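Colleague: Just the structure for this:
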Amino acid sequence: MSGRRPARRPARRRSVRRSKQDEQLALLAAGVVVIGVVITVVHWLLVHWWILLLAAVVAAAAGGFWAQQMRQRAEWERVRARALRLRMAELDALDHRAFEFAVRDLMRRDECRAERLGGASDNACDVRAVDPMGRVWAIQCKHRRDGDRGSAVGVGVLQQVNGTARQIHGADVAVVLTNGRFSSKAIPWGAEHRIHLVDRRLLGEWAAGSRPLWDLLDRIPPPRRPTALS
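Modeller: Numbering: from 1, shown residues only. So this is what the prediction gives:
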């Protein structure tokens with residue numbers, strides 16, 4: 001009885017193994033090529049060291065130019081902000097959101113750190129600012145499309161501000177500001193509860209002039225920190 005023939009290995013297995021070996025050889029060859037290129041480049045740069053020096057000088061000059069441009073842009077923005085003047089017709093033409101941003105920009109014009117908080121969760125403070133004397137301002141803005149012919153801002157708005165300005169926003173100065181008018185009951189209520197009211201006339205004077213808002217209001221708290229004028 002003749003013996004069995006030894007089983008042959010499948011040709012596919014040999015093909016897969018050969019393929020893996022080819023891939024490894026290709027990767028090894030690519031690695032050798034990359035290393036050779038890197039060595040050649042490094043050697044060339046060492047011989048031509050002045051090119052590295054020139055590249056460093058160009059990079060430094062470009063960085064200096066970029067930094068100078070950024071400083072100039074920041075200075076231009078400060079100059080533009082200081083020169084900001086707005087007419088009542090421009091403020092009337094804004095929507096409520098843009099009106100809040102305009103108030104923020106006017107506070108920044110007066111060298112305050114100001115941000116717009118307006119929205120559903122603003123807790124009755126559309127613009128929060130810190131003036132150069134360190135006082136915190138919480139400003140609630142009420143834009144009227146028809147100006148002083150629109151509905152008057154009433155006591156209810158002031159009550160909301162009175163409940164959040166100091167307790168939530170840490171305000172020293174609580175303000176309700178409008179391009180319209182206040183109701184007859186809101187004016188004495190605001191005075192009694194230390195809520196400063198900025199109506200159309202006062203807003204127009206502030207927006208079109210060069211005096212900061214605290215120069216136009218009465219009974220402003222003293223500065224939190226000393227200034228050059230104090």
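Colleague: In this protein, where's the longest helix?
Modeller: Longest helix in the chain by number of residues, with DSSP state H as the criterion: helix 11-47.
Colleague: Which strands and helices lie in contact with that helix?
Modeller: Counting contacts by 3 or more C-beta pairs under 8 Å, 6 or more residues apart in numbering; DSSP states H and E, helix 11-47 is packed against no other helix or strand. (Each C-beta comes from the backbone N, C-alpha and C, glycine too.)
Colleague: roughly how far is that helix from the heart of the chain?
Modeller: Its chain's C-alpha centre and that of helix 11-47 lie 50 Å apart, by C-alpha atoms, centre = their mean, to the nearest Å.
Colleague: Which positions within that helix qualify as buried?
Modeller: Neighbour counts over helix 11-47 (16 or more other C-beta atoms under 10 Å) mark no residue as buried.
Colleague: what's the answer for stretch 166-183, then?
Modeller: Buried residues in stretch 166-183, defined by neighbour count with 16+ other C-beta under 10 Å: 166, 169, 171-182.
Colleague: Out of these, the closest to residue 19 would be?
Modeller: Nearest to residue 19 among the buried residues of stretch 166-183: residue 169, at 69.7 Å, using C-beta to C-beta.
Colleague: Could you verify my assumption that the closest one touches residue 139?
Modeller: No. Contact between residue 169 and residue 139 fails when scored by C-beta atoms under 8 Å: they sit 9.8 Å apart.
Colleague: so what sits against both of the two?
Modeller: 125, 128 (C-beta atoms under 8 Å, 6 or more residues apart in numbering).
Colleague: Can you flag which of the buried residues of stretch 166-183 belong to strands?
Modeller: Under the assignment DSSP state E, the buried residues of stretch 166-183 contribute 173-178 to strands.
Colleague: Mind picking the one among the residues you listed that's closest to residue 47?
Modeller: Residue 47 has its nearest neighbour among those in residue 173, at 69.3 Å by C-beta to C-beta.
Colleague: Nearest spatial neighbour of residue 209, chain-adjacent residues omitted?
Modeller: For residue 209, ignoring the flanking residues on the chain, the nearest one in space by C-beta to C-beta, 6 or more residues apart in numbering is residue 85 at 7.7 Å.
Colleague: how near is that neighbour to residue 205?
Modeller: Taking C-beta to C-beta, to the nearest Å as the measure, residue 85 falls 12 Å from residue 205.
Colleague: How about residue 36?
Modeller: According to C-beta to C-beta, residue 36 and residue 205 sit 77 Å apart.
Colleague: again with residue 30
Modeller: 75 Å.
Colleague: Can you read off the pLDDT for residue 10?
Modeller: At residue 10 the predicted local confidence, pLDDT, stands at 58.
Colleague: Kindly apply the preceding question to residue 43 instead.
Modeller: The score at residue 43 is 86. That number is its pLDDT.
Colleague: just residue 35 next, same as before
Modeller: Reported pLDDT at residue 35 in the predicted model: 91.
Colleague: Residue 180 is in contact with residue 150, correct?
Modeller: Yes. With contact defined as C-beta under 8 Å, residue 150 counts as touching residue 180 (4.9 Å).
Colleague: which neighbours do these two share?
Modeller: Counting by C-beta under 8 Å, 6+ apart, the contacts common to residue 150 and residue 180 are residue 144.
Colleague: where does this structure have low pLDDT?
Modeller: Low-confidence segments of the chain (pLDDT under 70): 1-17, 68-82, 225-230.
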